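S.K.: Requesting a structural model of the entry that follows:
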Amino acid sequence: MRSAHQAVDDRFPTLAREGYTITSPRDDNYNCVAWIVRDLRRWWEPALDGGYWPRRVSEDELDAGDLPEYRRVFESLGFRECADGSLVHGQEKIAVYADRDSFQHVAYQRCDGSWSSKLGKLNDVRHSDTASLSGSSPFEYPRVAHYMSRAREPHDLAESESGLLRL
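M.R.: A predicted model of the protein is given here:
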């Protein structure tokens, strides 16, 4: 059986080169959106059988791409688009990765300026910048489409050194 680091390294070679810290065991109960909203029990995805979404969405609404729907939900949580991912005291930022109008990933900015991401069904990781998740491998995400911010709210798991790992 492959180690957690091997699985992450295989899928995210840019992240492997630039460095990261695993902060949770592998878990397929929640995804990156759930991590941002601090929900470790549900997989947040619109129009997914068995997934959770805070409003009813038809597949027809998502035909042109689901990015607008993700933005709507982030805005309903108090996030507003901002210029960049620079650290701003008192502000919580997220980086939204998308391929045109197709949402791919969202990362959370920690108080120290580093980023925290739940990598699909893999682990949560801490990484130094948003570009380390982007690359040309089939599993890497496209570049950040936009950044959003709101007043900082506690996210104790993302902010701790060990996250969900029991050290």
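
S.K.: all helices for this structure, in order.
M.R.: With DSSP state H as the criterion, the chain has helices at 4-11, 13-18, 32-36, 67-76, 156-159.

S.K.: Using TSV, lay out those helices together with mean neighbour count and mean pLDDT.
M.R.: Glycine gets a C-beta too; all of them are placed from N, C-alpha and C. Formatted as TSV, the helices of the chain follow (neighbours: other Cβ atoms under 10 Å; pLDDT from 0 to 100):
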stretch	mean neighbour count	mean pLDDT
helix 4-11	15	94
helix 13-18	16	97
helix 32-36	24	97
helix 67-76	17	96
helix 156-159	16	86
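
S.K.: Including distance to residue 105, could those helices go into a markdown table?
M.R.: Formatted as a markdown table, the helices of the chain follow (distance: least, Cβ to Cβ, whole Å):
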| stretch | distance to residue 105 |
| --- | --- |
| helix 4-11 | 12 |
| helix 13-18 | 12 |
| helix 32-36 | 5 |
| helix 67-76 | 10 |
| helix 156-159 | 15 |
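
S.K.: For residue 26, find the nearest of those helices.
M.R.: helix 4-11 (6.2 Å; Cβ to Cβ).

S.K.: wait, which of the helices of the chain is closest to residue 116?
M.R.: Taking those one by one with Cβ to Cβ, helix 156-159 is closest: 4.1 Å.

S.K.: How about residues contacting that closest one?
M.R.: By Cβ atoms under 8 Å, 6 or more residues apart in numbering, the list of residues contacting helix 156-159 from outside reads 23, 24, 35, 38, 40, 108, 110, 111, 116, 124, 163, 164.
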